[in-house]
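Colleague: I'll drop the sequence and a predicted model, then ask my questions.
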Amino acid sequence: MSKDEKERVPPEPPKPEGKGAGPGSPKAGAEVKAADAGKPAEHEEHGQDGRATAARGDADKLAAQVADLEDKYQRALAELANVHKRYQRERERLGHGAVAGFVKKLMPVLDNLVHSLKSAAECKDAREVIGGFRLIEKQLLQVFEENGIKAVESVGKAFDPEVHHAVMMEATDKVPPGTVLEEMTRGFVMDGIVIRPAAVKVAAASAPTAGEAENGKEG
């Protein structure tokens, strides 16, 4: 070979150090693939960690809300108990006040009764004593009416089992059967509610005479 031909031949490329270390070698390709394969797994782990952290945050918020609602519920129960106690105290106070007011109105009636009893012991005229007690009765009924308590009307009225209690029956033809003849004890109602029924004597149909019975047989 001449000197000019030797100069035209290209030099051989240098060989890489180590067997199979070149970029085109199978070993290098496998390492690149392995590195690329590990990246998605690493991203997935980070995603799972993020979701777990978010779930723990939501659970903490929910627990805080439940604790707040529980606290409000307990406070509401305590307030309701306090309101009930105040209501009970107020009702007792009003009840005591109503009773005290009623008794206060009855005190003059009691005073008049005491005076009438003293006068009766010294009085020789029964009419004066009766007049004194009639006045007390009128005064007492007036106090009752001022407090919504009314006496039951009985004598001459038809017997009403709602407000009357029959303790006696009397045969008579002077009034229709079932008519109240006499009032033994007075009854009272308050706002349509019977406090005590009146104890009364009620008329019953009279038994027929012998002549009436005989006429009835002939008819």
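Modeller: Thanks, I have it.
Colleague: domain map for this structure?
Modeller: As recorded under automatic domain parsing, the domains making up the chain are 32-147, 148-208.
Colleague: where does this structure dip in pLDDT?
Modeller: Counting by pLDDT under 70, the chain has low-confidence residues at 1-50, 95, 103, 207-219.
Colleague: picking up where we left off before, among the domains of the chain, which is the most enclosed?
Modeller: Greatest average neighbour count among these goes to domain 148-208 (a mean of 15), per mean count of other CB atoms under 10 Å. Heads up, the C-betas are built off the backbone N, CA and C, glycines and all.
Colleague: how far away from the center of its chain is it?
Modeller: Centroid separation for domain 148-208 versus its chain: 40 Å, with CA atoms, centre = their mean, to the nearest Å.
Colleague: stretch 53-64 now?
Modeller: A distance of 38 Å separates the centroid of the chain from that of stretch 53-64, by CA atoms, centre = their mean.
Colleague: could you do stretch 104-111 as well?
Modeller: The chain centroid and the centroid of stretch 104-111 are separated by 39 Å under CA atoms, centre = their mean.
Colleague: got the contact list for stretch 195-207?
Modeller: 149, 152, 154-155, 159, 162-189 (CB atoms under 8 Å, 6 or more residues apart in numbering).
Colleague: these in strands, which ones?
Modeller: 149, 164-172, 180-185, 188-189 (DSSP state E).
Colleague: okay, helices next: where are they in the chain?
Modeller: Shown for the chain, the helices assigned by DSSP state H span residues 3-8, 26-122, 126-146, 210-218.
Colleague: and the angle from the second one to helix 126-146?
Modeller: Helix 26-122 and helix 126-146 are oriented at 170 degrees to each other (axes from the mean of the first three to the mean of the last three CA atoms, to 10 degrees).
Colleague: how far away is the spatially most central residue of the chain from residue 94?
Modeller: Taking CA atoms, centre = their mean, the centroid of the chain lies closest to residue 84, which sits 11.0 Å from it. Per CB to CB, to the nearest Å, residue 84 is found 16 Å from residue 94.
Colleague: what does residue 67 give?
Modeller: 41 Å.
Colleague: what residues does stretch 130-137 touch?
Modeller: The contact list for stretch 130-137 (CB under 8 Å, 6+ apart) reads 109, 112, 113, 115, 116, 119, 120.
Colleague: return the alpha-carbon coordinates of it using PDB.
Modeller: Taking Å, rounded to 0.1, in the frame of the first residue of the first chain, the C-alpha atoms of stretch 130-137 are listed here in PDB:
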ATOM      1  CA  ILE A 130    -131.700  34.700 110.200                       C
ATOM      2  CA  GLY A 131    -131.300  38.100 108.500                       C
ATOM      3  CA  GLY A 132    -127.600  38.200 109.600                       C
ATOM      4  CA  PHE A 133    -127.000  34.700 108.200                       C
ATOM      5  CA  ARG A 134    -128.700  35.600 104.900                       C
ATOM      6  CA  LEU A 135    -126.400  38.500 104.600                       C
ATOM      7  CA  ILE A 136    -123.400  36.300 105.100                       C
ATOM      8  CA  GLU A 137    -124.700  33.800 102.500                       C
END
